[in-house]
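**Q** Provide a 3D model corresponding to the input given below.
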Amino acid sequence: MGPHCVAVKPQLACFERLGPPGWEALAEVREAAREAGLIFLADGKRGDVPVTAAAYAQALVGSTPTPWGEVPGLGVDAFTANPLLGRDALEPLVAACEEAGAGIFVLVRTSNPGAADLMDVPSPDTPLHERLASLVDALSGRLVGESGLSGLGAVVGATEPGHIARLRELMPRSVFLLPGVGAQGGDPKLLGAAFAPGPAGAIVSSSRGIAGAADPAAAAEELRTTLWEISNA
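**A** Predicted structure coming up:
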């Protein structure tokens, strides 16, 4: 699968439920991803009050000072974050990414059906997912690279492609992480608007759709071919 992918996105809960051996296994996956030249994107959806958010940042992309020296964290390339506690809770995560040269993908409109219960509910002027998008865009300039794209990206579910064009309008610099293709029913052919900045404008996630396929490598290659076509259209 490696030649057809740009990243791996391990779900941290699947490792953490195993306790210390799970954390060790996660570190082994990180090293395997690096050896394969893949981005290691930790899917943990972290989010809490600022002091706790800072601890999450240390665990994922930084280190923790102790009387016996610095204890390194996992050292991921990027991670997912929950913005529903507001801007002050995102600030420590973004600051840590600035220092580490890492990326962060903030939940804006997720792929699960229940997302509509909250994220699509109108506020006085816009749906919640649009307000979250505006928050992401306001912070995205802090992680903009030479390409003009920001390391402060957005999680935008592929299962509701009708939102993508508007969210791309609101977040022109952010890389989109698009989960929901495959087992959740998202159609990759409907994701073209996410790639408005070019082929690097989005990462499409298909976990069970590839891992559960009879031939995972073939499934990954097929998805890559489709995405390459729509991202260059």
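**Q** what's near enough to touch Val49?
**A** By CB atoms under 8 Å, 6 or more residues apart in numbering, Val49 lies in contact with Leu85, Ala89. To be clear about C-beta, it is placed using only N, CA and C from the backbone, and glycine gets the same treatment.
**Q** low-confidence ranges, the protein, go.
**A** 1-2, 233 (pLDDT under 70).
**Q** can you give me the strands for it?
**A** 7-8, 39-46, 63-66, 69-72, 78-81, 103-109, 150-156, 174-178, 202-204 (DSSP state E).
**Q** dump the ones you listed to TSV, plus distance to Glu24 and mean neighbour count.
**A** TSV is the format used below for these (distance: least, CB to CB, whole Å; neighbours: other CB atoms under 10 Å):
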stretch	distance to Glu24	mean neighbour count
strand 7-8	17	18
strand 39-46	15	21
strand 63-66	18	11
strand 69-72	14	10
strand 78-81	19	25
strand 103-109	24	25
strand 150-156	27	27
strand 174-178	26	26
strand 202-204	27	24
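**Q** so which of these comes closest to Ala55?
**A** Evaluated with CB to CB, these place strand 63-66 nearest to Ala55, the distance being 7.9 Å.
**Q** I'd assumed Lys45 was in contact with Leu85.
**A** No: contact criterion CB atoms under 8 Å: Leu85 and Lys45 do not qualify, at 11.9 Å.
**Q** how about the strands of the chain in CSV, adding distance to Arg17?
**A** Converted to CSV, these look like this (distance: least, CB to CB, whole Å):
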stretch, distance to Arg17
strand 7-8, 19
strand 39-46, 13
strand 63-66, 23
strand 69-72, 23
strand 78-81, 18
strand 103-109, 21
strand 150-156, 22
strand 174-178, 23
strand 202-204, 25
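**Q** out of those strands, nearest to Pro21?
**A** Ranking the strands of the chain by proximity to Pro21 (CB to CB) places strand 39-46 first, at 17.5 Å.
**Q** what does that closest one contact?
**A** 6-13, 29-30, 33-34, 53, 56, 60, 74, 76-82, 93, 103, 105, 107, 177, 203.
**Q** just the C-alphas of that strand, formatted as CSV.
**A** Provided in CSV are the C-alpha atoms of strand 39-46 (Å, rounded to 0.1, in the frame of the first residue of the first chain):
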residue,chain,number,x,y,z
ILE,A,39,3.3,11.1,7.2
PHE,A,40,2.4,9.8,10.6
LEU,A,41,-1.0,11.4,11.5
ALA,A,42,-2.2,10.6,15.0
ASP,A,43,-6.0,10.5,15.1
GLY,A,44,-6.8,11.3,18.7
LYS,A,45,-9.1,14.3,18.4
ARG,A,46,-7.5,16.0,21.4
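**Q** what angle sits between it and strand 103-109?
**A** 50 degrees (axes from the mean of the first three to the mean of the last three CA atoms, to 10 degrees).
**Q** ok and strand 39-46 relative to strand 174-178, angle-wise?
**A** 80 degrees.
**Q** grab the most central residue of this protein for me.
**A** Phe105 (3.9 Å; CA atoms, centre = their mean).
**Q** quick one: contacts for that one?
**A** Contacts of Phe105 (CB under 8 Å, 6+ apart): Leu41, Ala78, Phe79, Thr80, Ala81, Gly153, Ala154, Val155, Val175, Leu177.
**Q** and which of these is nearest to Thr126?
**A** Nearest to Thr126 among those: Ala154, at 15.3 Å, using CB to CB.
**Q** the closest one - nearest residue in space that isn't next to it in sequence?
**A** Closest residue to Ala154 apart from its sequence neighbours, by CB to CB, 6 or more residues apart in numbering: Val108 at 4.4 Å.
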